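**Q** This is the structure alone, sequence omitted:
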């Protein structure tokens with residue numbers, strides 16, 4: 001077991017320290033990574049919504065949770081992530097990557113469309129842990145920055161919090177799982 005732990009740590013070191021230093025050499029390579037990531041998230045979203053549509057329309061799960069056991073997750077967005085709670089994390093990560101790429105100056109024509117699709121897919125995962133995590137994160141961010149926020153941004157934050165609260169409440173009412 002100790003040897004396998006060393007191998008895993010060496011892999012992490014190579015993957016998270018050495019590989020990024022080789023990939024992210026200049027702005028061109030960073031923009032290329034952002035471009036490829038947009039294609040990947042687009043395929044992820046497309047497959048997820050196709051799977052959800054086919055399950056809703058024909059009651060056939062195109063992409064099962066795991067290919068080995070063939071278990072269904074019900075009428076929940078999960079795409080190729082397997083578990084809907086994993087899909088929730090991937091969607092939040094994708095939202096963050098798109099916003100980060102916009103901050104560094106790489107803008108894509110369909111960013112707003114992708115962000116809206118991600119925001120639609122998030123409650124469709126019906127992931128209670130993900131929704132609780134987002135709600136707690138928003139509360140902590142607001143509390144941490146309360147004295148630094150202008151009135152206009154505070155109102156916008158309250159508006160966003162209310163919107164997420166309504167989405168969470170609607171998801172709660174419409175889902176037996178939540």
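**A** Okay, I see it. All values derive from a computational prediction rather than experimental measurement. Numbers count the residues shown, from 1 in each chain.
**Q** what comes into contact with the helix or strand harbouring residue 10?
**A** In the assignment (DSSP states H and E), residue 10 maps to helix 2-13. The contact list for helix 2-13, computed with C-beta atoms under 8 Å, 6 or more residues apart in numbering, is empty. Every residue, glycine included, has its C-beta placed from N, CA and C.
**Q** now it, how far from the centre of its chain.
**A** 28 Å (C-alpha atoms, centre = their mean, to the nearest Å).
**Q** What are the buried residues along that helix?
**A** Buried residues in helix 2-13, counting neighbours by 16 or more other C-beta atoms under 10 Å, are absent.
**Q** Which neighbouring elements make contact with whichever helix or strand comes after it?
**A** Using DSSP H and E, the next helix or strand after helix 2-13 towards the C-terminus is helix 19-23. Helices and strands touching helix 19-23, by 3 or more C-beta pairs under 8 Å, 6 or more residues apart in numbering; DSSP states H and E: there are none.
**Q** Give me the helices and strands touching the next helix or strand after helix 19-23, please.
**A** Next helix or strand after helix 19-23 toward the C-terminus (DSSP H and E): helix 27-58. The contact analysis (3+ C-beta pairs under 8 Å, 6+ apart) places helix 27-58 against helix 84-103, helix 111-124.
**Q** now the shortest one: mean pLDDT?
**A** Rounded to a whole number, the mean pLDDT of helix 111-124 is 91.
**Q** chain center to that helix: distance?
**A** Counting by C-alpha atoms, centre = their mean, helix 111-124 comes out at 9 Å from the chain centroid.
**Q** what angle do the following helix or strand past it and helix 111-124 make?
**A** Reading on from helix 111-124 to the C-terminus, the next helix or strand found by DSSP H and E is helix 128-144. On the basis of axes from the mean of the first three to the mean of the last three C-alpha atoms, to 10 degrees, helix 128-144 is oriented at 120 degrees to helix 111-124.
**Q** what's next to helix 128-144, contact-wise?
**A** Under C-beta under 8 Å, 6+ apart, the answer for helix 128-144 is 85, 88-89, 92, 122-123, 149, 157, 160-161, 164-165, 168, 171, 177-178.
**Q** Just the buried positions in that helix, please.
**A** For helix 128-144, by 16+ other C-beta under 10 Å, it's 128, 130-131, 134.
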